[in-house]
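In: need coordinates for the below:
(one chain, ligands or ions: 1)
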Amino acid sequence: MTNKIRKAVFPVGGMGTRFLPATKAMPKEMLPVVDKPLIQYAVEEAKDAGIEEFIFVTGRGKTTIEDHFDRSVELEDLLTSKGNLDVLEDLLASMPVAGQVCYTRQQSPQGLGHAVWCARHLVGDEPFAVLLADDLIYGERSCLAQMVDAQSQTGGSILALMDVPQEHTSRYGIVTPGTVSDRLVEVKGLVEKPAPAEAPSNHAVVGRYILQPEIFDYLSAHEKGAGGEIQLTDAMAKTLDHSPMHGYRFEGVRYDCGDKVGHLQANIAIALDRPDLGPALRDALTPMLLDEKS
Ligand code: G1P
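Out: Numbers count the residues shown, from 1 in each chain. Okay, the predicted model is just below:
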């Protein structure tokens, strides 16, 4: 069994009802943040972490994701004929190499744990990453790359961790922390979406995981948890007594792009940070914000 993290699973089967009507005929993972679809941020983060195989767990109505990670000969011809070679180069550079991408369908929405389980044959017997595109993590260094480095020291499983307001614990997987050393937090327990009064801490799991293949044994039981869904958190909790697990407090900012305000915030923050857009956007926003205040 290899210990290198070569494969990443992207669960992209969700319906995206929070963004209707935008997501009626378009996958929520294709919603743009500035000028790039959400899913592409996650794929680029994975690439930067050395991932070589990209496994998408899709569902009905998600074929534009496949098209997005495929070449478009007509578009390439057009850009070439117009001399738009920089754009063409960027477009080609962002594509996974042929044969590095595969798709499987989650036939019915039964939860995150079920989506990950659907990838079991494609992952096989090796540690792997899971990235939830809704959680856009923006920073100088790929969050997953930071986690891959940490995992090479700790072994076992690693989850991205951040502190959330106590009143938000019911939106996340929450950990019971053990020993803390720098960015690493030993995980002693895990519970999915606890009410604030029952939450063991305010350390929340965000959508980046490095998991061991034994997780599939627990997911195979198809036990339902919070919200009547098969939860990844519950399966992870079952591995705790025999396999190390750490939370990793990543460097970077996480935007919850599954939420309208979080998505808008990501658009503005990332555009402000871009040399080609930041100054003009700042000029456009400042009077609007001053108007609001007066
Ligand atoms: C999922 C996980 C949850 C995690 C969250 C991070 O929940 O089940 O443990 O904290 O992602 O975004 P979801 O947001 O899909 O309900």
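In: ok, longest helix in this structure?
Out: helix 278-293 (DSSP state H).
In: just to be sure, Val191 is in a strand?
Out: Yes: membership of Val191 in a strand is supported by DSSP: H, G, I helix; E, B strand; the rest coil.
In: what ranges do the strands span in the stretch 51-200 of the chain?
Out: Per DSSP state E, counting those that start in this stretch, the stretch 51-200 of the chain carries strands over the ranges 53-58, 101-105, 128-131, 135-138, 157-163, 173-181, 184-192.
In: and the stretch 101-250 of the chain, which residues reach the ligand?
Out: Within reach of the ligand by CB under 6 Å from any ligand atom, the stretch 101-250 of the chain has these residues: 112, 132, 135, 172-173, 192, 204-207, 231-233. C-beta here means a position set from N, CA and C on the backbone, and glycine is covered the same way.
In: leaving out sequence neighbours, find the closest residue to Gly189.
Out: Spatially, and ignoring its direct neighbours in sequence, Gly189 is nearest to Thr176 (3.3 Å; CB to CB, 6 or more residues apart in numbering).
In: distance of Asp241 relative to the ligand?
Out: 20 Å (CB to the nearest ligand atom, to the nearest Å).
In: test my guess that Gly13 contacts Thr58.
Out: Yes: under the criterion of CB atoms under 8 Å, Gly13 makes contact with Thr58 at 5.7 Å.
In: between those two, who's got more neighbours?
Out: More neighbours surround Gly13 than the other of Gly13 and Thr58, with 25 against 21 (other CB atoms under 10 Å).
In: grab the nearest non-local neighbour of the more buried one.
Out: Gly59 (3.5 Å).
In: is it correct that that neighbour is in contact with Pro109?
Out: Yes: Gly59 lies in contact with Pro109 (CB under 8 Å); the separation is 6.9 Å.
In: tally of neighbours for Asn84?
Out: 12.
In: I misspoke; the intended subject was Ile158.
Out: 30.
In: per-residue pLDDT of it, please?
Out: Looking at Ile158, its pLDDT stands at 98.
In: and what of Lys62?
Out: In this model, Lys62 carries a pLDDT of 84.
In: circling back: mutual contacts of Gly13 and Thr58, please.
Out: The contact sets of Gly13 and Thr58 overlap at 105-106 (CB atoms under 8 Å, 6 or more residues apart in numbering).
In: perfect, I'm done here.
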